[in-house]
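1. below: sequence and its predicted model.
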Amino acid sequence: MKLQTNATGLSGKLKVPGDKSISHRSIMFGALAKGTTRVHDILRGEDVLSTMAVFRELGVTIEDKGDEVVVHGVGFDGLRAPQERLDMGNSGTSIRLISGVLAGQPFSAEMFGDDSLSKRPMDRVTKPLRQMGVDISGQTERDLPPLKITGSNHLTPINYTLPVASAQVKSALIFAALQADGESVITEKEKTRNHTEDMIQQFGGEISVNGKEIRIKGGQSFTATDVTVPGDISSAAFFLVAGLIVPNSEITLKNVGINETRTGIIEVIQAMGGDLTLSDVDEVAKSATLTVRTSQLTPTEISGDIIPRLIDELPVIALLATQANGTTVIRDAEELKVKETDRIQVVADMLNDMGADITPTDDGMIIKGKTNLNGATINTQGDHRIGMTAAVAALLVTDGDVILERSEAIQTSYPAFFEDLSHLIL
Ligand SMILES: O=C(O)C1=C[C@@H](OP(=O)(O)O)[C@@H](O)[C@H](O)C1
Ligand SMILES: C=C(OP(=O)(O)O)C(=O)O
């Protein structure tokens, strides 16, 4: 598709779709609780639809009533063996977290995904799950999908320090630990998004978190509850950046999730001197209204423990940095290489094709600003965040066309992205 270029300004208010991480987990916890869970403002992106389809295949009734999704929970002991292979689509979150759920189930299943997911390492979950007594294996020494799993209802509790900063690995192990015979201790490398821990408490379970150390007792059960999903800050990120770099812009994003394990991008924008204000802060729902205006930006360094708090935003943050007056350095972000694409290489190649000056490194990028962007043909390679970053970059292009190939990848996390963007363009 041909992307809109040369925007003279962006203006308006928007409610971004529901948080993807919380949406996945609302289906999972709803299914594993006894009773009826009603989920409001769930994201209906393809990744979450994959999680819903998998739980239906595992015997859970899930109704989409338009204004809410109703999950008729069956409890940990109510899942049934699937008749079909479980299709995880493009979703790393689905395959890894559901591996942890199936770890404690006394049946076999096979999990597979699309071309992108089939290249992503699953050994980070298979290794610790094997230690707990699960029979799980994939392809090659990195355990790429498809994965075959046979769970056990006598899982050994685990005491495990994560070698990578990953909420997906942490959450997979938490789901397994909830079904184990005793208490498990999981220690994080860096603090990552904590939606699983929050939801255990919301669904009446028990978890103790002390800094990076998490303790979970096995044999727990959950009670159904209602969930309202806040807007996804990872989706809001595209409009935050667009509003800062396109001239004559002011964008207001309502009801954006501001869980403290997700707000790295707000700190980066502030460090770069961006005009960003928070209002209507709701401490209980952990949400706020965010407003951005066109800004002169200074460069910054992004590294260390902030990285997991903005990991999915780094592609569009790289674009932001191309418009700062000086050189921005991103370090400690080697996890970007094992996302839907190698996001260090793909982001650098894409923005360099458009005229940016980015040097990819082993664990990040060196981004020289401020550069003019030009037309190019970009292929998402099946990565939604590459597609949305390209669409925001195109707004700055005054010279030539920007053609986006495989734009349908954006369905993964933001089906209405282009519609929402078009409403803001003056
Ligand atoms: O737990 C989650 O919901 C997610 C964790 C992150 O992945 P990692 O755990 O691989 O860092 C993130 O990139 C992904 O989009 C969603
Ligand atoms: C990495 C992402 O998702 P997942 O790992 O669930 O595929 C993402 O949404 O950017």
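-> Everything's here; your move. Ligands and ions are numbered 1, 2, ... in the order given.

2. and the contacts of stretch 419-426?
-> Stretch 419-426 is contacted by residues 4, 7-12, 14, 16, 238-239, 242, 248, 251, 391, 395, 414 when judged by CB atoms under 8 Å, 6 or more residues apart in numbering. C-beta: built from backbone N, CA, C; applies to glycine.

3. so how far is stretch 371-385 from its chain's centroid?
-> Put simply, stretch 371-385 sits 20 Å off its chain's centre (CA atoms, centre = their mean, to the nearest Å).

4. and the end-to-end length of that stretch?
-> 21 Å (CA to CA, to the nearest Å).

5. same check on stretch 387-406?
-> 8 Å.

6. which strands and helices sit next to the helix or strand hosting Asn255?
-> Secondary structure from DSSP states H and E places Asn255 in strand 250-257. Judged by 3 or more CB pairs under 8 Å, 6 or more residues apart in numbering; DSSP states H and E, strand 250-257 is in contact with strand 11-15, helix 233-245, strand 287-293.

7. turn these into JSON lines, columns for mean pLDDT.
-> As requested, the helices and strands packed on strand 250-257 are exported to JSON lines (pLDDT from 0 to 100):
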{"stretch": "strand 11-15", "mean pLDDT": "98"}
{"stretch": "helix 233-245", "mean pLDDT": "99"}
{"stretch": "strand 287-293", "mean pLDDT": "98"}
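
8. can you tell me how far Ser118 is from ligand 1?
-> 16 Å (CB to the nearest ligand atom, to the nearest Å).

9. where does that residue sit: helix, strand or coil?
-> Look at Ser118: counting by DSSP: H, G, I helix; E, B strand; the rest coil, its state is helix.

10. next, give phi and psi for the residue of the chain found nearest ligand 2.
-> Shortest the chain-to-ligand 2 distance, computed as CB to the nearest ligand atom: residue-wise this is Gly92, at 2.7 Å. Torsion angles at Gly92 (phi, psi; degrees, to the nearest 10) stand at phi -60, psi -40.

11. likewise Arg215?
-> phi -120, psi 130.

12. just give the closest residue to it, not the sequence neighbours.
-> Distance criterion CB to CB, 6 or more residues apart in numbering; nearest residue to Arg215, sequence neighbours excluded, is Ser208 at 4.4 Å.

13. so that neighbour sits against Ile214, correct?
-> Yes - assessed by CB atoms under 8 Å, Ser208 is found in contact with Ile214 at 7.2 Å.

14. counting neighbours, go ahead and name the busier of these two.
-> More neighbours surround Ile214 than the other of Ser208 and Ile214, with 22 against 12 (other CB atoms under 10 Å).

15. if we can go back for a sec, what's the most buried one of the helices and strands packed on strand 250-257?
-> Burial of these is given as mean neighbour count (mean count of other CB atoms under 10 Å); helix 233-245 ranks first at a mean of 27.

16. packing partners for that one?
-> Checking 3+ CB pairs under 8 Å, 6+ apart, helix 233-245 ends up next to strand 250-257, helix 264-271, strand 275-282, strand 287-293, helix 314-322, helix 384-394, helix 417-424.

17. can you give me the angle the fourth one makes with helix 264-271?
-> Looking back up the chat, that one is strand 287-293. Put simply, strand 287-293 runs at 40 degrees to helix 264-271, going by axes from the mean of the first three to the mean of the last three CA atoms, to 10 degrees.

18. from the chain's centre, how far out does strand 287-293 sit?
-> Distance, centroid of strand 287-293 to centroid of chain: 20 Å (CA atoms, centre = their mean).

19. elements contacting the next helix or strand after that strand?
-> Sequence order places strand 301-302 as the next helix or strand after strand 287-293, per DSSP H and E. Applying 3+ CB pairs under 8 Å, 6+ apart, one finds that strand 301-302 makes contact with strand 327-330.

20. mind listing what's buried along the strand it packs on?
-> 328-330 (16 or more other CB atoms under 10 Å).

21. now the helices for the stretch 51-200 of the chain?
-> Assigned by DSSP state H, counting those that start in this stretch, the stretch 51-200 of the chain shows helices spanning 92-102, 123-131, 167-177, 195-202.

22. CA atoms only: put stretch 295-308 into CSV for me.
-> Extracted as CSV, the C-alpha positions of stretch 295-308 are listed here (Å, rounded to 0.1, in the frame of the first residue of the first chain):
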residue,chain,number,x,y,z
SER,A,295,8.9,19.5,20.0
GLN,A,296,12.5,20.3,19.5
LEU,A,297,14.3,17.1,20.7
THR,A,298,17.6,16.5,22.3
PRO,A,299,19.5,13.2,22.0
THR,A,300,19.7,10.7,24.9
GLU,A,301,21.1,7.4,25.9
ILE,A,302,18.8,4.5,26.4
SER,A,303,20.2,1.5,28.3
GLY,A,304,20.1,-0.7,31.4
ASP,A,305,17.0,-1.5,33.4
ILE,A,306,14.8,0.9,31.3
ILE,A,307,15.1,-1.4,28.3
PRO,A,308,12.4,-4.0,29.3
